[in-house]
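A.B. asks: Please work out how this folds:
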Amino acid sequence: MASCKNASKTDSKDLTTKKEVTALDKPNILFIYMDDMGYGDPQCYNPESLIPTPNIDKLAKQGMRFTDAHTAAPICGPSRYGLLTGRYPWRRGPNGHGNGGKFDDVGIESGRLTLASLLKKNGYNTAQLGKWGLSHNYSDAVKPGKKPGTKEAYDFPNKKLSGPQLFGFDYTWTDTHLYPKIGHDTIRGMDPISDSKLVFENSLPLNPSLEVENPYNLLPNSGNKVIEYMEVYVGKKENPKFNQDKSKPFFIYWDSVGPHAPYVPLEQFQGKSKVGRYGDYVYEIDYFIGKMLDKLEELKLADNTIVIFSSDNGPDKYTYERIKDFKHYSLGKWRGVKRDAWEGGNRTPFIVRWPGNVEANTVNNTTFCLTDMMATFAEIVGDTIPENVGEDSFSMLSLLKPTTNEFNRPPIIYHNTKRKMGIRADDWVYMDAPSGAVEEDPEWFKKERGVIPHNQEVELFNLSEDPQQTKNVAIEYPEKVKELKKTLDDMIEKGNSH
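C.D. replies: Numbers count the residues shown, from 1 in each chain. Sure thing, here's the model as predicted:
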């Protein structure tokens, strides 16, 4: 795994066209990105799942289902940074491992290339709908002499909120935490919502009075906006706010707010799963994915649209309660949850449907990271990326073509939210720490999985022999520990994976 022949890089600091690709050649892209959905939630990944996911399963039958895809981080903001920039989030700064108190180091740096700005440069309409999960810079919209933290402090609509439109998106419908907090809400039977939720359209609040949005509406409203965006694109409706050029293809990034807590399924979806409110919420998400897929077919867009489905990280810590209450394993067969550097924290569902290119109903077991989307999209549109961009991104386009399947990717670097680093090389996982956990798994779960306790300073697992990471074999393989430790340190020190 020492090299990659599909990196799609150039020595120039400027983007240069690698080959001529016309607008008609370029596919539309619908990127569906879940929030805290586990590998074991969709039934196409876990036949024992107690949550009906007919539309995700249909997508898998129509495309290629990957079994060894990994997010750039096991938590919300950093994983999005990695996806959008092709760069590991911990390279961003000392707080890049976690969300941080103010998302300090999970904002995208000014001027950095993103998936959206790459595609926009190559003639795409670009739209972000749903959760952003990165810095919004509320201070930019504060009135002179006012301190942030009250509704009266913000100068909307005279000032706009900095956010996704700075990074290549022509249109944004953003469900956001308002920081600093200006209020709370509580759902009966649920934990309090941690921050206020507001919706900003094209960087301005939909509700000028900054009233907290009804959390039950966040998912359906953003999902229906995706539908509307497609309808406007083909001329069935009009909405000038979308800023569309209908002669160009589109990139829609739907970053769902769910199934992140609080679990707020609409009444029509309640009781439709066997996993309580969480399962019903996943079922609702699946319903809206189905609506999007049906709309692509209805509008005759499906044949020239790449649909990608994935998730930002593993399931939240409440997955252990769901195991006890419902016998449902959101983490699948893996060990670890959101925030952990074990497989359950960063191994994610990943499905690609691309008619005429990706063979239907296929399964691919190749290991890759979602940072690879930057180089992959560049190759799809016939562009290249500079050496100082997408430092951890490698084009996996060859995996999507039935005639070429070579992908020699370097090792993937893991980390947890406590800044403990690890590395995945072939079937080996090395953690440069006594444990990959942040959310320590319960004793009853360890007993159920047969986890063998240890007191070593590092961890080493072989996933081909021990996929559930139950036995630390660092003592048995000291040379492998030494080798992976050196590889990890070298990749960190040089600042890129190439």
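A.B. asks: what about Pro42, helix or strand, and which?
C.D. replies: For Pro42, there is no helix or strand it lies in under DSSP states H and E.
A.B. asks: Tell me who's in contact with it.
C.D. replies: Taking CB atoms under 8 Å, 6 or more residues apart in numbering as the criterion, Pro42 is in contact with Ser49, Ile51, Thr53, Ile56, Asp57, Ala60, Pro349. (Glycine included, C-beta is placed from N, CA and C.)
A.B. asks: now swap in Ala116 and tell me
C.D. replies: The neighbourhood of Ala116, defined by CB under 8 Å, 6+ apart, consists of Leu84, Thr126, Gln128, Pro164, Phe167, Gly168, Phe169, Phe251, Tyr253.
A.B. asks: quick one: pLDDT of the residue nearest to Gln456 when sequence neighbours are not counted?
C.D. replies: The shortest distance from Gln456 to any non-neighbouring residue, by CB to CB, 6 or more residues apart in numbering, is to Ala474 (5.2 Å). Note on Ala474: pLDDT of 98.
A.B. asks: try Glu213
C.D. replies: Predicted confidence (pLDDT) for Glu213: 83.
A.B. asks: I'd say it and Asn207 touch.
C.D. replies: Yes - taking CB atoms under 8 Å as the definition, Glu213 is a contact partner of Asn207 at 7.4 Å.
A.B. asks: related to what we said a few turns ago, does the residue nearest to Gln456 sit in a helix, a strand or a coil?
C.D. replies: Under DSSP: H, G, I helix; E, B strand; the rest coil, Ala474 falls in the coil class.
A.B. asks: doesn't Val481 make contact with it?
C.D. replies: Yes - the pair Ala474 / Val481 is scored as a contact, 5.3 Å apart, by CB under 8 Å.
A.B. asks: So which of the two has more stuff around it?
C.D. replies: Between Ala474 and Val481, Val481 has the larger neighbour count (other CB atoms under 10 Å), namely 21 against 17.
A.B. asks: Double-check that the more buried one belongs to a strand.
C.D. replies: No - counting by three-state DSSP, Val481 falls outside a strand, being helix.
A.B. asks: And the next helix or strand past the helix or strand containing Glu228?
C.D. replies: Assessed by DSSP H and E, Glu228 sits inside helix 215-233. From helix 215-233 onward toward the C-terminus, using DSSP H and E, the following helix or strand is strand 250-255.
A.B. asks: quick one: strands adjacent to that next one?
C.D. replies: Strands that pair with strand 250-255, judged by DSSP bridges, come out as strand 28-34 (parallel), strand 125-131 (parallel).
A.B. asks: what's in contact with that strand?
C.D. replies: Strand 250-255 has contacts (CB under 8 Å, 6+ apart) with 28-33, 35, 80, 115-116, 119-120, 124-133, 169, 222-223, 226, 229-230, 233, 244, 292.
A.B. asks: cool, and stretch 423-438?
C.D. replies: Applying CB under 8 Å, 6+ apart, the contact partners of stretch 423-438 are 1, 70, 336, 339-343, 345, 367, 411-414, 416-418, 420-422, 455-465, 469, 480-481, 484-485, 487-488, 491.
A.B. asks: Just the ones of those in strands?
C.D. replies: Counting by DSSP state E, the contacts of stretch 423-438 place His70, Ile412, Ile413, Tyr414, Met421, Gly422, Glu459, Leu460, Phe461, Asn462 in strands.
A.B. asks: Could I get the pLDDT score of the first one?
C.D. replies: Put plainly, it is His70. We have a pLDDT of 98 for His70.
A.B. asks: can you check the fifth one too?
C.D. replies: On the pLDDT scale, Met421 is placed at 96.
A.B. asks: Enumerate the positions of stretch 297-311 that are buried.
C.D. replies: Within stretch 297-311, the residues that count as buried by 16 or more other CB atoms under 10 Å are Leu299, Leu301, Ala302, Asn304, Thr305, Ile306, Val307, Ile308, Phe309, Ser310, Ser311.
A.B. asks: Dihedrals phi and psi, the third one?
C.D. replies: So the one you mean is Ala302. For Ala302, the backbone dihedrals are phi -60, psi -40 (criterion: degrees, to the nearest 10).
A.B. asks: Quick check: the gap between it and Lys237.
C.D. replies: As defined by CB to CB, to the nearest Å, Ala302 lies at a distance of 19 Å from Lys237.
A.B. asks: now swap in the fourth one and tell me
C.D. replies: Counting by CB to CB, the gap from Asn304 to Lys237 is 20 Å.
A.B. asks: quick one on the thing from earlier: show me what the helix holding Glu228 is packed against.
C.D. replies: strand 125-131, strand 171-177, strand 197-201, strand 250-255, helix 276-298 (3 or more CB pairs under 8 Å, 6 or more residues apart in numbering; DSSP states H and E).
A.B. asks: what's the angle between the shortest one and strand 125-131?
C.D. replies: This means strand 197-201. Angle, strand 197-201 to strand 125-131, by axes from the mean of the first three to the mean of the last three CA atoms, to 10 degrees: 170 degrees.
A.B. asks: contacts for the very next helix or strand once past strand 197-201?
C.D. replies: Beyond strand 197-201 in the direction of the C-terminus, DSSP H and E gives the next helix or strand as strand 204-205. By CB under 8 Å, 6+ apart, the surrounding residues in contact with strand 204-205 are Phe156, Pro157, Lys160, Leu161, Leu198, Val199.
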